[in-house]
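Novice: sequence plus predicted model, see below.
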Amino acid sequence: MLPQTADYMRLLPEIVLTVFGMIVMVMDAAAEGRGEGRSRGRSIGRIKDRRIEKILGAVALVGSLAAITATFVQAQYPGFAFWNMVQVDSFSVFFHFLVAAVTAVVILTSFEYMEVQQIRAGEYYALILFGAAGMSLMSSAVELVLVFIALEISSISTYVLAGFRRRAAISSESSVKYFLLGSFATAFFLYGVALMFGATGSTNIATIGDVLRSGQIPLLAYAGVALMFVGLGFKVAAAPFHIWTPDVYEGAPSPVVGFMSTAPKAAVFAVLLRIMFEAHAPGRIGLIWVVAALSMTIGNLGALVQDNIKRLLAYSSIAHAGYLLVAYAALPDNGIPAAMFYTASYAAMNVGAFAVVSHFGSAGERYVTLGDYSGLGRRSPLLAATLTIFLLSLIGIPITGGFFAKFYVFSAALQANLVGLVIVGVLNSAVGAYYYLRIIVVMYMREPQQEVPVARIPVGLGFALAISLVTTIYLGVLPGRVLEYASRTATAWMR
């Protein structure tokens, strides 16, 4: 029987993102064809190219906003689609909205960046939309084979995006390293799926959960969960699968780093939530306990010795993956809402922080060391204040989303009697505060060693920073609505 209209409505955000991605590619190819007759190197041709690339960026932005609208339409059609491979519920709608919102903010950040770096932007915007489509599909997939396909769609896009600074050797190196290690991680996940099928006779997450709860758990299921966790742990930069993160973050374009450190993580954490709680993954508490503790400790200790801001935020990303995994070791009624809230808070503050880094880095991303930020509080008070709020949220200071994110995660762990893991998390939070505060001290209390130019904040970047800033403060002042939505999601899931 052919799929009904409702099935397509349940995939509407993915369809919208894919269609707009193809529109961008066709428009870019058509514009390139018309430009073949122009003399290369002429200023008029360059002006036309920049205008066309801005139009392509605007089309991609419209596509991401249309995906947000499609998410609300999708929410009106709860249920399963395409032979029970896709499930639309409040959980998947939450992550669809989050991925589409991050995509829109990253596109706004990219307008100025692509022009300053003189990078051809057509396929760049298309890859962002295609990657977002894969990430959205991951959040609603309840079939492990479909999760693998969606993971590959997302991964291939980010592999290419990581090497988009073609003139910089470090960018090509980061892309190759990310591709090679990511391929191994994907193979681990696929082997895990195969072992889980051998243990339960199914690759449907709900069916796997029913089989594992109904009787003695076979040894193959433990091996399958471990291998799948390796693959997914790589994508979220959790230790000890984090080795690629600092080098890739340093070499990739800053807006891309903001994208790949938030949207893919949100999608993979959505998959992990389904596997760990809905599939009743065996041995999850011990496995997550170790990985969370390692991620928090290695991430924070690694960040302490970094002088490059992008590498510092890369290790910070590893540490925050550990904080978030603490919620996965908790009970589902508390762990699921805490994990959802943390994911939203982290996405807002981290994509905002990388938006500041992308603007300040200038052409060739020359200014990315800690010393370059000396005196920024006097040279650009608005930019410094914005980055300060994001850094305070990453620490977990009150009236920012990061405070309630850590509070809910640690509270959920305490209610599950994971006292040792909470102690590790609190101690690591204190360590993390040092290197975040060090950036703030440098911006406001150090004299610049060299004159670093600070350009005016363009309109697109201003909107991106405003959205991230308002969301960070909103989640820190009025967290109730988001947490209530997440709690209802957990309650409905546990029925």
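Specialist: Happy to help now that I have it.
Novice: return the distance of stretch 393-402 from the chain's centre.
Specialist: In this view, stretch 393-402 has its centroid 18 Å away from the chain centroid, taken as C-alpha atoms, centre = their mean, to the nearest Å.
Novice: next: stretch 360-372.
Specialist: Distance, centroid of stretch 360-372 to centroid of chain: 23 Å (C-alpha atoms, centre = their mean).
Novice: now stretch 306-316
Specialist: 17 Å.
Novice: what residues are up against Ile119?
Specialist: 164-166, 253 (C-beta atoms under 8 Å, 6 or more residues apart in numbering). C-beta coordinates here come from the backbone N, C-alpha and C atoms, glycine included.
Novice: tell me the two of those that are most distant?
Specialist: Arg166 and Pro253 (10.4 Å; C-beta to C-beta).
Novice: before we move on, back to that, of the contacts of Ile119, keep whichever come out buried.
Specialist: Neighbour-count burial (16 or more other C-beta atoms under 10 Å) applied to the contacts of Ile119 gives 164-165, 253.
Novice: spatially nearest residue to Val193 (excluding sequence neighbours)?
Specialist: Leaving aside its chain neighbours, Val193 sits nearest to Leu144 (4.6 Å; criterion: C-beta to C-beta, 6 or more residues apart in numbering).
Novice: do I have it right that the one you found meets Thr203?
Specialist: Yes. Using C-beta atoms under 8 Å, Leu144 makes contact with Thr203 at a distance of 4.2 Å.
Novice: quick one: common contacting residues for the two?
Specialist: Common contact partners of Leu144 and Thr203 (C-beta under 8 Å, 6+ apart): 193, 196-197.
Novice: what is the burial count for Val382?
Specialist: Just to correct that, residue 382 is Leu rather than Val. 11 (other C-beta atoms under 10 Å).
Novice: what's the spacing between the residue nearest to Val193 and Thr200?
Specialist: 10 Å (C-beta to C-beta, to the nearest Å).
Novice: hey, where'd the helices end up in the stretch 301-450 of the chain?
Specialist: Here the stretch 301-450 of the chain has its helices, by DSSP state H, counting those that start in this stretch, at 309-328, 332-360, 376-379, 381-395, 401-415, 419-445.
Novice: quickly, which of the ones you listed bottoms out on average pLDDT?
Specialist: Lowest mean pLDDT within the helices of the stretch 301-450 of the chain: helix 376-379, at a mean of 88.
Novice: distance from the chain centre to it, please.
Specialist: 30 Å.
Novice: output the below-cut-off pLDDT ranges for the stretch 101-250 of the chain.
Specialist: Along the stretch 101-250 of the chain, no part satisfies pLDDT under 70.
Novice: just the strands in it please.
Specialist: Assigned by DSSP state E, counting those that start in this stretch, the strands in the stretch 101-250 of the chain number zero.
Novice: name the nearest residue to Ala75, sequence neighbours excluded.
Specialist: Leaving aside its sequence neighbours, Ala75 sits nearest to Val93 (C-beta to C-beta, 6+ apart; 4.7 Å).
Novice: my guess is that neighbour contacts Tyr77, does it?
Specialist: No. Counting by C-beta under 8 Å, Val93 does not reach Tyr77; the two are 10.2 Å apart.
Novice: more neighbours: which of those two?
Specialist: Set Val93 next to Tyr77 and count neighbours by other C-beta under 10 Å: Val93 wins out with 21 against 16.
Novice: which element is that one on?
Specialist: Secondary structure from DSSP states H and E places Val93 in helix 90-117.
Novice: just the angle between that helix and helix 332-360, please?
Specialist: 10 degrees (axes from the mean of the first three to the mean of the last three C-alpha atoms, to 10 degrees).
Novice: from now on call the first residue 685
Specialist: With 685 as the first residue, the last one maps to helix 774-801.
Novice: who's in contact with Gly917?
Specialist: Applying C-beta under 8 Å, 6+ apart to Gly917 gives the contacts 869, 925, 975.
Novice: now the residue nearest to the spatial centre of the chain, nearest residue through space, not along the chain?
Specialist: Against the mean C-alpha coordinate of the chain, by C-alpha atoms, centre = their mean, the closest residue is Thr946 at 1.7 Å. Excluding its sequence neighbours, the residue lying closest to Thr946 (C-beta to C-beta, 6+ apart) is Ala1031, at 4.2 Å.
Novice: how near is that neighbour to Arg1172?
Specialist: Taking C-beta to C-beta as the measure, Ala1031 falls 20 Å from Arg1172.
Novice: okay, those two: which has more neighbours?
Specialist: Applying other C-beta under 10 Å to Ala1031 and Arg1172 shows that Ala1031 carries more neighbours, namely 25 against 13.
Novice: from what I can see that one touches Pro948, true?
Specialist: No. Counting by C-beta under 8 Å, Ala1031 stays clear of Pro948, with 10.8 Å between them.
Novice: before we move on, the earlier item: so for Phe781, which of the helices of the stretch 985-1134 of the chain sits nearest?
Specialist: Comparing the helices of the stretch 985-1134 of the chain by C-beta to C-beta, helix 1016-1044 comes nearest, at 9.2 Å.
Novice: does anything pack onto the closest one? Which helices or strands?
Specialist: helix 774-801, helix 938-944, helix 947-957, helix 993-1012, helix 1065-1079, helix 1085-1099, helix 1143-1161, helix 1164-1178 (3 or more C-beta pairs under 8 Å, 6 or more residues apart in numbering; DSSP states H and E).
Novice: now do 6 Å
Specialist: Packing partners of helix 1016-1044 (3 or more C-beta pairs under 6 Å, 6 or more residues apart in numbering; DSSP states H and E): helix 774-801, helix 938-944, helix 993-1012, helix 1065-1079, helix 1085-1099, helix 1143-1161, helix 1164-1178.
Novice: and the residue nearest to Val1035 when sequence neighbours are not counted, what does it touch?
Specialist: Of all residues not flanking Val1035 in the chain, Gly942 sits nearest, at 4.4 Å (C-beta to C-beta, 6+ apart). The contact partners of Gly942, by C-beta atoms under 6 Å, 6 or more residues apart in numbering, come to 790, 1035, 1038.
Novice: nearest to Pro902, of those residues?
Specialist: Val1035 (41.6 Å).
Novice: what's the helix holding Val777 packed up against?
Specialist: Using 3+ C-beta pairs under 6 Å, 6+ apart, helix 774-801 is in contact with helix 727-758, helix 806-824, helix 938-944, helix 947-957, helix 1016-1044, helix 1143-1161.
Novice: of those helices, which is nearest Ile833?
Specialist: Checking the helices and strands packed on helix 774-801 against Ile833 by C-beta to C-beta gives helix 806-824 as the closest, at 7.8 Å.
Novice: Leu828 and Thr884 - which one has more neighbours?
Specialist: Leu828 (27 against 22).
Novice: can you give me how far stretch 945-955 is from the chain middle?
Specialist: 5 Å.
Novice: and the contacts of that stretch?
Specialist: So stretch 945-955 is contacted by 779, 782-783, 786, 819, 822-823, 831, 838, 916, 919-920, 1001, 1027, 1031, 1034-1035 (C-beta under 6 Å, 6+ apart).
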